[in-house]
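J.: The amino acid sequence is not available; the structure is as follows:
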(Lines give C-alpha, C1' and ligand atoms only; values in the text may rest on other atoms or scores of the structure.)
Protein backbone atom coordinates (compact mmCIF):
# COMPACT_ATOMS: atom_id res chain seq x y z
CA UNK A 1 0.00 0.00 0.00
CA UNK A 2 1.39 3.40 -0.97
CA UNK A 3 2.60 5.19 2.18
CA UNK A 4 1.11 8.57 1.24
CA UNK A 5 -2.18 6.92 0.33
CA UNK A 6 -2.20 5.03 3.64
CA UNK A 7 -1.58 8.27 5.54
CA UNK A 8 -4.91 9.77 4.44
CA UNK A 9 -6.78 6.50 4.84
CA UNK A 10 -5.75 6.40 8.49
CA UNK A 11 -6.39 10.13 8.89
CA UNK A 12 -9.94 9.69 7.60
CA UNK A 13 -10.53 7.27 10.46
CA UNK A 14 -9.30 9.89 12.94
CA UNK A 15 -11.81 12.63 12.13
CA UNK A 16 -13.86 13.18 15.32
CA UNK A 17 -17.55 12.39 14.93
CA UNK A 18 -17.17 10.74 11.51
CA UNK A 19 -18.06 7.07 11.84
CA UNK A 20 -17.64 4.33 9.22
CA UNK A 21 -20.91 5.06 7.43
CA UNK A 22 -20.34 8.82 7.15
CA UNK A 23 -16.74 8.23 6.10
CA UNK A 24 -18.04 6.16 3.20
CA UNK A 25 -20.45 8.93 2.21
CA UNK A 26 -17.61 11.43 2.23
CA UNK A 27 -15.59 9.24 -0.14
CA UNK A 28 -18.61 8.82 -2.43
CA UNK A 29 -18.91 12.60 -2.80
CA UNK A 30 -15.23 13.54 -2.83
CA UNK A 31 -13.56 10.56 -4.48
CA UNK A 32 -10.65 9.64 -2.18
CA UNK A 33 -9.42 10.07 1.41
CA UNK A 34 -6.69 12.44 0.24
CA UNK A 35 -9.24 14.71 -1.45
CA UNK A 36 -11.28 14.90 1.76
CA UNK A 37 -8.37 16.74 3.38
CA UNK A 38 -7.42 18.79 0.32
CA UNK A 39 -10.85 19.88 -0.89
CA UNK A 40 -11.81 23.52 -0.48
CA UNK A 41 -14.32 24.58 2.13
CA UNK A 42 -16.75 25.45 -0.65
CA UNK A 43 -16.52 21.92 -2.12
CA UNK A 44 -16.97 20.24 1.25
CA UNK A 45 -19.82 22.49 2.35
CA UNK A 46 -21.70 21.56 -0.84
CA UNK A 47 -22.01 18.00 0.51
CA UNK A 48 -25.38 17.58 2.30
CA UNK A 49 -23.92 15.87 5.36
CA UNK A 50 -21.16 18.46 5.91
CA UNK A 51 -21.72 21.29 8.38
CA UNK A 52 -19.34 23.99 9.50
CA UNK A 53 -18.59 21.97 12.63
CA UNK A 54 -17.69 18.86 10.65
CA UNK A 55 -15.52 20.92 8.29
CA UNK A 56 -13.61 22.24 11.31
CA UNK A 57 -13.06 18.71 12.68
CA UNK A 58 -11.68 17.54 9.32
CA UNK A 59 -9.03 20.25 9.53
CA UNK A 60 -8.40 19.85 13.23
CA UNK A 61 -4.74 20.16 14.19
CA UNK A 62 -2.89 16.92 14.86
CA UNK A 63 -4.85 14.49 12.68
CA UNK A 64 -2.20 14.09 10.00
CA UNK A 65 0.58 13.96 12.60
CA UNK A 66 -1.21 11.20 14.50
CA UNK A 67 -1.70 9.27 11.26
CA UNK A 68 2.04 9.56 10.61
CA UNK A 69 2.75 8.13 14.08
CA UNK A 70 0.44 5.23 13.35
CA UNK A 71 2.28 4.43 10.12
CA UNK A 72 5.55 4.36 12.07
CA UNK A 73 4.02 1.80 14.44
CA UNK A 74 2.69 -0.31 11.56
CA UNK A 75 6.09 -0.39 9.88
CA UNK A 76 7.99 -1.11 13.10
CA UNK A 77 5.80 -4.06 14.07
CA UNK A 78 4.91 -5.32 10.59
CA UNK A 79 1.19 -4.66 10.90
CA UNK A 80 -0.98 -4.77 7.79
CA UNK A 81 -3.72 -2.22 7.12
CA UNK A 82 -6.78 -3.02 5.00
CA UNK A 83 -8.84 -0.08 3.68
CA UNK A 84 -12.44 -0.83 2.75
CA UNK A 85 -12.02 0.13 -0.92
CA UNK A 86 -8.86 -1.93 -1.42
CA UNK A 87 -8.84 -5.38 -3.02
CA UNK A 88 -7.29 -7.03 0.03
CA UNK A 89 -10.02 -5.85 2.43
CA UNK A 90 -11.94 -8.95 3.69
CA UNK A 91 -14.71 -9.63 1.15
CA UNK A 92 -17.33 -10.78 3.65
CA UNK A 93 -16.77 -7.73 5.85
CA UNK A 94 -16.94 -5.41 2.86
CA UNK A 95 -20.64 -6.30 2.49
CA UNK A 96 -21.44 -4.89 5.96
CA UNK A 97 -22.35 -1.21 5.66
CA UNK A 98 -21.07 -0.35 9.16
CA UNK A 99 -17.81 -2.28 8.84
CA UNK A 100 -14.63 -0.40 9.84
CA UNK A 101 -13.14 1.87 7.22
CA UNK A 102 -9.70 0.49 8.05
CA UNK A 103 -8.72 -2.79 9.71
CA UNK A 104 -5.31 -3.63 11.18
CA UNK A 105 -3.84 -7.14 11.26
CA UNK A 106 -0.86 -8.37 13.29
CA UNK A 107 0.11 -11.84 12.18
CA UNK A 108 -0.99 -13.61 9.05
CA UNK A 109 -4.15 -15.43 8.05
CA UNK A 110 -6.48 -15.59 5.09
CA UNK A 111 -9.46 -13.41 5.95
CA UNK A 112 -11.07 -14.59 2.70
CA UNK A 113 -10.71 -18.28 3.56
CA UNK A 114 -13.31 -20.51 1.86
CA UNK A 115 -14.91 -21.26 5.24
CA UNK A 116 -14.96 -18.98 8.26
CA UNK A 117 -16.84 -19.61 11.50
CA UNK A 118 -17.12 -17.23 14.46
CA UNK A 119 -17.51 -18.89 17.86
CA UNK A 120 -18.47 -16.76 20.87
CA UNK A 121 -20.10 -17.10 24.25
CA UNK A 122 -20.05 -16.27 27.92
CA UNK A 123 -16.89 -15.38 29.83
CA UNK A 124 -18.14 -17.69 32.61
CA UNK A 125 -18.07 -20.84 30.52
CA UNK A 126 -19.01 -24.16 32.11
CA UNK A 127 -17.08 -27.36 31.44
CA UNK A 128 -20.02 -28.47 29.29
CA UNK A 129 -19.64 -25.33 27.19
CA UNK A 130 -15.90 -25.78 26.81
CA UNK A 131 -16.41 -29.40 25.80
CA UNK A 132 -19.00 -28.41 23.18
CA UNK A 133 -16.59 -25.83 21.79
CA UNK A 134 -13.71 -28.30 21.71
CA UNK A 135 -15.79 -30.96 19.95
CA UNK A 136 -17.09 -28.56 17.31
CA UNK A 137 -13.62 -27.22 16.48
CA UNK A 138 -12.17 -30.73 16.46
CA UNK A 139 -14.85 -31.85 14.00
CA UNK A 140 -14.30 -28.77 11.83
CA UNK A 141 -10.59 -29.57 11.71
CA UNK A 142 -11.14 -33.18 10.64
CA UNK A 143 -14.07 -32.62 8.28
CA UNK A 144 -13.26 -29.13 6.94
CA UNK A 145 -9.49 -28.52 7.19
CA UNK A 146 -8.42 -24.91 6.90
CA UNK A 147 -11.60 -23.42 8.39
CA UNK A 148 -10.76 -20.07 9.99
CA UNK A 149 -12.03 -19.72 13.58
CA UNK A 150 -12.83 -16.14 14.64
CA UNK A 151 -13.49 -15.00 18.21
CA UNK A 152 -12.77 -12.17 20.63
CA UNK A 153 -9.92 -13.38 22.91
CA UNK A 154 -12.07 -12.88 26.02
CA UNK A 155 -12.17 -15.29 28.94
CA UNK A 156 -14.45 -18.31 28.64
CA UNK A 157 -15.79 -19.51 25.30
CA UNK A 158 -13.73 -17.05 23.24
CA UNK A 159 -10.39 -18.26 24.58
CA UNK A 160 -11.57 -21.88 24.44
CA UNK A 161 -12.31 -21.39 20.72
CA UNK A 162 -8.84 -20.00 20.02
CA UNK A 163 -7.11 -22.70 22.06
CA UNK A 164 -9.08 -25.48 20.38
CA UNK A 165 -8.24 -24.06 16.94
CA UNK A 166 -4.53 -23.97 17.81
CA UNK A 167 -4.64 -27.49 19.25
CA UNK A 168 -6.20 -28.82 16.03
CA UNK A 169 -4.01 -26.79 13.67
CA UNK A 170 -6.78 -24.52 12.42
CA UNK A 171 -6.02 -20.84 11.73
CA UNK A 172 -7.66 -18.45 14.17
CA UNK A 173 -8.24 -14.70 14.29
CA UNK A 174 -8.79 -12.72 17.51
CA UNK A 175 -10.69 -9.44 17.17
CA UNK A 176 -9.61 -6.94 19.82
CA UNK A 177 -11.48 -4.12 21.52
CA UNK A 178 -8.36 -1.96 21.75
CA UNK A 179 -5.14 -1.07 19.95
CA UNK A 180 -2.24 -3.46 19.31
CA UNK A 181 -0.01 -1.78 21.91
CA UNK A 182 -2.23 -3.20 24.66
CA UNK A 183 -3.39 -6.70 25.57
CA UNK A 184 -6.68 -7.29 27.35
CA UNK A 185 -7.14 -9.42 29.28
CA UNK A 186 -3.45 -9.36 30.25
CA UNK A 187 -3.64 -13.04 31.15
CA UNK A 188 -4.06 -13.83 27.44
CA UNK A 189 -0.80 -12.22 26.33
CA UNK A 190 0.84 -15.63 25.72
CA UNK A 191 -2.27 -16.90 23.95
CA UNK A 192 -2.15 -13.86 21.67
CA UNK A 193 1.45 -14.71 20.77
CA UNK A 194 0.44 -18.28 19.95
CA UNK A 195 -2.40 -17.01 17.79
CA UNK A 196 0.00 -14.91 15.72
CA UNK A 197 1.94 -18.11 14.90
CA UNK A 198 -1.12 -19.60 13.20
CA UNK A 199 -3.45 -16.67 12.67
CA UNK A 200 -3.70 -13.00 13.51
CA UNK A 201 -4.86 -10.28 15.87
CA UNK A 202 -7.34 -7.87 14.29
CA UNK A 203 -8.50 -4.43 15.37
CA UNK A 204 -9.94 -1.21 13.99
CA UNK A 205 -8.40 0.85 16.81
CA UNK A 206 -5.14 2.79 16.67
CA UNK A 207 -2.22 1.14 18.43
CA UNK A 208 -2.40 3.30 21.57
CA UNK A 209 -6.18 3.10 22.15
CA UNK A 210 -7.04 1.51 25.50
CA UNK A 211 -9.75 -1.06 26.26
CA UNK A 212 -13.13 0.56 26.86
CA UNK A 213 -16.49 -1.08 27.40
CA UNK A 214 -17.97 0.39 24.23
CA UNK A 215 -15.04 -0.86 22.16
CA UNK A 216 -15.91 -4.48 22.89
CA UNK A 217 -19.48 -4.00 21.73
CA UNK A 218 -18.15 -2.22 18.65
CA UNK A 219 -15.73 -5.01 17.75
CA UNK A 220 -18.55 -7.58 17.78
CA UNK A 221 -19.69 -6.42 14.35
CA UNK A 222 -16.28 -7.45 12.96
CA UNK A 223 -16.59 -10.90 14.53
CA UNK A 224 -20.03 -11.31 12.96
CA UNK A 225 -19.15 -9.71 9.63
CA UNK A 226 -16.01 -11.74 8.93
CA UNK A 227 -17.74 -15.12 9.12
CA UNK A 228 -20.12 -17.26 7.13
CA UNK A 229 -21.87 -18.15 10.38
CA UNK A 230 -21.70 -17.34 14.09
CA UNK A 231 -22.02 -20.07 16.72
CA UNK A 232 -23.12 -19.16 20.26
CA UNK A 233 -21.93 -21.88 22.62
CA UNK A 234 -23.15 -20.50 25.96
CA UNK A 235 -24.70 -17.17 26.91
CA UNK A 236 -26.73 -15.68 29.67
CA UNK A 237 -29.93 -13.82 28.94
CA UNK A 238 -27.83 -10.70 28.27
CA UNK A 239 -24.32 -10.37 26.97
CA UNK A 240 -21.97 -9.61 24.14
CA UNK A 241 -22.58 -12.96 22.44
CA UNK A 242 -26.23 -12.07 21.91
CA UNK A 243 -25.21 -8.72 20.42
CA UNK A 244 -22.94 -10.61 18.02
CA UNK A 245 -25.85 -12.91 17.11
CA UNK A 246 -28.12 -9.93 16.39
CA UNK A 247 -25.42 -8.36 14.22
CA UNK A 248 -24.90 -11.58 12.29
CA UNK A 249 -28.64 -11.78 11.65
CA UNK A 250 -28.65 -8.18 10.44
CA UNK A 251 -25.91 -9.10 7.96
CA UNK A 252 -28.02 -12.07 6.78
CA UNK A 253 -25.46 -14.55 8.08
CA UNK A 254 -26.41 -17.86 9.66
CA UNK A 255 -26.51 -18.06 13.46
CA UNK A 256 -26.35 -21.26 15.52
CA UNK A 257 -26.79 -21.83 19.25
CA UNK A 258 -26.13 -24.86 21.45
CA UNK A 259 -29.25 -25.59 23.54
CA UNK A 260 -29.02 -25.92 27.30
CA UNK A 261 -31.10 -27.39 30.06
CA UNK A 262 -33.99 -25.20 31.23
CA UNK A 263 -32.91 -23.17 34.22
CA UNK A 264 -29.19 -23.14 33.40
CA UNK A 265 -28.10 -19.51 33.76
CA UNK A 266 -25.51 -19.71 30.98
CA UNK A 267 -27.90 -21.37 28.52
CA UNK A 268 -30.80 -18.94 28.79
CA UNK A 269 -29.49 -16.72 26.02
CA UNK A 270 -28.98 -19.65 23.65
CA UNK A 271 -32.40 -21.09 24.40
CA UNK A 272 -33.99 -17.69 23.83
CA UNK A 273 -32.25 -17.33 20.45
CA UNK A 274 -33.51 -20.76 19.38
CA UNK A 275 -37.05 -20.20 20.68
CA UNK A 276 -37.32 -16.85 18.88
CA UNK A 277 -35.94 -18.32 15.63
CA UNK A 278 -32.91 -16.04 15.76
CA UNK A 279 -30.60 -19.05 15.74
CA UNK A 280 -30.71 -22.61 14.46
CA UNK A 281 -30.25 -25.32 17.08
CA UNK A 282 -26.87 -27.05 16.86
CA UNK A 283 -25.86 -30.22 18.66
CA UNK A 284 -22.97 -31.33 16.47
CA UNK A 285 -21.06 -30.60 13.28
CA UNK A 286 -23.70 -32.25 11.09
CA UNK A 287 -26.31 -29.66 12.11
CA UNK A 288 -23.97 -26.91 10.92
CA UNK A 289 -23.13 -28.78 7.71
CA UNK A 290 -26.80 -29.32 6.90
CA UNK A 291 -27.81 -25.67 7.28
CA UNK A 292 -24.67 -24.33 5.60
CA UNK A 293 -24.84 -26.85 2.76
CA UNK A 294 -21.26 -27.93 3.40
CA UNK A 295 -20.05 -31.26 2.07
CA UNK A 296 -17.66 -32.96 4.47
CA UNK A 297 -14.23 -34.10 3.33
CA UNK A 298 -14.87 -37.41 5.11
CA UNK A 299 -17.79 -39.80 5.30
CA UNK A 300 -20.05 -38.87 8.26
CA UNK A 301 -20.41 -41.53 10.95
CA UNK A 302 -23.46 -43.74 10.87
CA UNK A 303 -26.41 -41.95 12.40
CA UNK A 304 -27.35 -43.07 15.88
CA UNK A 305 -30.92 -44.30 16.12
CA UNK A 306 -33.15 -41.96 18.08
CA UNK A 307 -34.67 -43.18 21.28
CA UNK A 308 -37.78 -45.08 20.23
CA UNK A 309 -39.99 -44.33 23.14
CA UNK A 310 -40.16 -40.63 24.04
CA UNK A 311 -42.71 -39.24 26.45
CA UNK A 312 -44.74 -36.65 24.54
CA UNK A 313 -47.71 -34.66 25.73
CA UNK A 314 -50.75 -34.59 23.42
CA UNK A 315 -49.81 -31.22 21.87
CA UNK A 316 -46.26 -32.39 21.08
CA UNK A 317 -47.56 -35.64 19.61
CA UNK A 318 -49.98 -33.70 17.41
CA UNK A 319 -47.14 -31.58 16.01
CA UNK A 320 -44.94 -34.64 15.39
CA UNK A 321 -47.79 -36.40 13.58
CA UNK A 322 -48.45 -33.30 11.49
CA UNK A 323 -44.81 -32.96 10.41
CA UNK A 324 -44.53 -36.68 9.67
CA UNK A 325 -47.54 -36.48 7.40
CA UNK A 326 -46.87 -33.14 5.67
CA UNK A 327 -43.08 -32.74 5.79
CA UNK A 328 -41.64 -29.25 6.28
CA UNK A 329 -43.97 -26.57 7.68
CA UNK A 330 -43.49 -23.03 8.96
CA UNK A 331 -44.42 -22.22 12.54
CA UNK A 332 -47.38 -20.18 11.26
CA UNK A 333 -48.66 -23.15 9.22
CA UNK A 334 -48.36 -25.41 12.26
CA UNK A 335 -50.25 -22.83 14.33
CA UNK A 336 -53.09 -22.73 11.79
CA UNK A 337 -53.34 -26.50 11.37
CA UNK A 338 -53.27 -27.23 15.12
CA UNK A 339 -55.46 -24.22 15.95
CA UNK A 340 -53.06 -23.17 18.68
CA UNK A 341 -51.35 -19.77 19.21
CA UNK A 342 -47.86 -19.32 17.82
CA UNK A 343 -46.41 -18.79 21.32
CA UNK A 344 -47.75 -22.16 22.44
CA UNK A 345 -46.56 -23.91 19.29
CA UNK A 346 -43.11 -22.32 19.65
CA UNK A 347 -42.72 -23.70 23.18
CA UNK A 348 -43.71 -27.21 22.05
CA UNK A 349 -41.34 -27.07 19.07
CA UNK A 350 -38.47 -26.08 21.36
CA UNK A 351 -39.17 -29.10 23.60
CA UNK A 352 -39.27 -31.36 20.55
CA UNK A 353 -35.91 -29.96 19.39
CA UNK A 354 -34.41 -30.76 22.79
CA UNK A 355 -35.74 -34.32 22.44
CA UNK A 356 -34.16 -34.66 19.01
CA UNK A 357 -37.46 -35.19 17.20
CA UNK A 358 -37.79 -31.90 15.31
CA UNK A 359 -35.25 -29.69 13.53
CA UNK A 360 -35.56 -25.95 12.93
CA UNK A 361 -34.32 -24.47 9.66
CA UNK A 362 -33.99 -20.94 8.26
CA UNK A 363 -37.24 -19.06 7.68
CA UNK A 364 -38.97 -20.51 10.78
CA UNK A 365 -39.41 -23.82 8.96
CA UNK A 366 -39.52 -27.12 10.87
CA UNK A 367 -39.22 -30.75 9.88
CA UNK A 368 -39.50 -34.05 11.74
CA UNK A 369 -36.38 -36.15 12.42
CA UNK A 370 -38.13 -39.25 13.71
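T.: Looks like it came in fine. Here the structure is a predicted model, which is why all the values come from computation and not from measurement.
J.: Tell me how many other residues surround the closest residue to residue 233 other than its chain neighbours.
T.: If the residues on either side of it in the chain are set aside, residue 233 comes closest to residue 121, at 3.9 Å by CB to CB, 6 or more residues apart in numbering. Placement of C-beta: from N, CA and C, glycine included. Number of residues near residue 121 (other CB atoms under 10 Å) recorded here: 34.
J.: Equivalent analysis for the one 10 residues further on, please.
T.: For residue 131, the neighbour count with other CB under 10 Å is 13.
J.: Which strand or helix spans it?
T.: Per DSSP states H and E: residue 131 is located in helix 127-143.
J.: Could you give me the buried positions within that helix?
T.: For helix 127-143, the neighbour count (16 or more other CB atoms under 10 Å) marks 128-130, 132-134, 136-141, 143 as buried.
J.: tell me which of these is nearest to residue 152?
T.: Distance to residue 152, by CB to CB, is smallest for residue 133 among those, at 13.3 Å.
J.: nearest spatial neighbour of that closest one, skipping sequence neighbours?
T.: The spatial neighbour of residue 133 that comes closest, neighbours along the chain excluded (CB to CB, 6+ apart), is residue 160 at 4.6 Å.
J.: That neighbour: helix or strand, and which one exactly?
T.: Counting by DSSP H and E, residue 160 is found in helix 157-167.
J.: contacting residues for the residue nearest to residue 133?
T.: If you count contacts by CB atoms under 8 Å, 6 or more residues apart in numbering, residue 160 has them with 125, 129-130, 133-134, 233.
J.: What is the distance between the helix holding residue 160 and the centre of its chain?
T.: Between the centre of helix 157-167 and the centre of its host chain there is 15 Å, according to CA atoms, centre = their mean, to the nearest Å.
J.: go on, stretch 60-79?
T.: Its chain's average C-alpha position is 28 Å from that of stretch 60-79, according to CA atoms, centre = their mean.
J.: Could you list the buried residues of it?
T.: Residues of stretch 60-79 classed as buried: 63-64, 67, 70-71, 73-74, 79 (neighbour count, 16+ other CB under 10 Å).
J.: And residue 46, how far from residue 345?
T.: Residue 46 is 56 Å from residue 345, where distance means CB to CB, to the nearest Å.
J.: For those two, work out which one has more neighbours and name it.
T.: Neighbour tally, residue 46 and residue 345, criterion other CB under 10 Å: the higher count belongs to residue 345, 22 against 11.
J.: rewinding a little: moving C-terminal from the helix holding residue 131, which element do we reach first?
T.: strand 148-151.
J.: Show me the residue sitting in the middle of the chain in space.
T.: Centroid check for the chain by CA atoms, centre = their mean gives residue 224 as the closest residue, at 2.0 Å.
J.: what about that residue, which helix or strand?
T.: helix 213-226.
J.: That helix vs helix 157-167, what angle?
T.: 50 degrees (axes from the mean of the first three to the mean of the last three CA atoms, to 10 degrees).
J.: buried ones in helix 213-226?
T.: Residues of helix 213-226 classed as buried: 215-216, 218-226 (neighbour count, 16+ other CB under 10 Å).
J.: Who are the packing partners of the helix or strand following it?
T.: Using DSSP H and E, the helix or strand that follows helix 213-226 towards the C-terminus is strand 229-232. Contacts defined by 3 or more CB pairs under 8 Å, 6 or more residues apart in numbering; DSSP states H and E place strand 229-232 against strand 116-120, helix 240-250, strand 254-257, helix 268-275, helix 285-292.
J.: pLDDT on strand 229-232, on average?
T.: When pLDDT is averaged along strand 229-232, the result is 97.
J.: Also stretch 185-197?
T.: Averaging pLDDT along stretch 185-197 gives 95.
J.: contacts for it?
T.: With contact meaning CB under 8 Å, 6+ apart, stretch 185-197 is reached by 106-108, 153-155, 159, 162-163, 166, 172-174, 183, 201.
J.: So which of the residues you listed are in strands?
T.: Among the contacts of stretch 185-197, the residues falling in strands (DSSP state E) are 106-107, 172-174, 201.
J.: Just put the residues you listed in TSV and tack on pLDDT and distance to residue 148.
T.: Below are the ones in strands among the contacts of stretch 185-197 laid out as TSV (pLDDT from 0 to 100; distance: CB to CB, whole Å):
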residue	pLDDT	distance to residue 148
106	97	16
107	97	12
172	98	7
173	98	6
174	98	11
201	98	14
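J.: Farthest pair within those?
T.: Taking CB to CB as the measure, those span a maximum distance of 13.3 Å, between 106 and 172.
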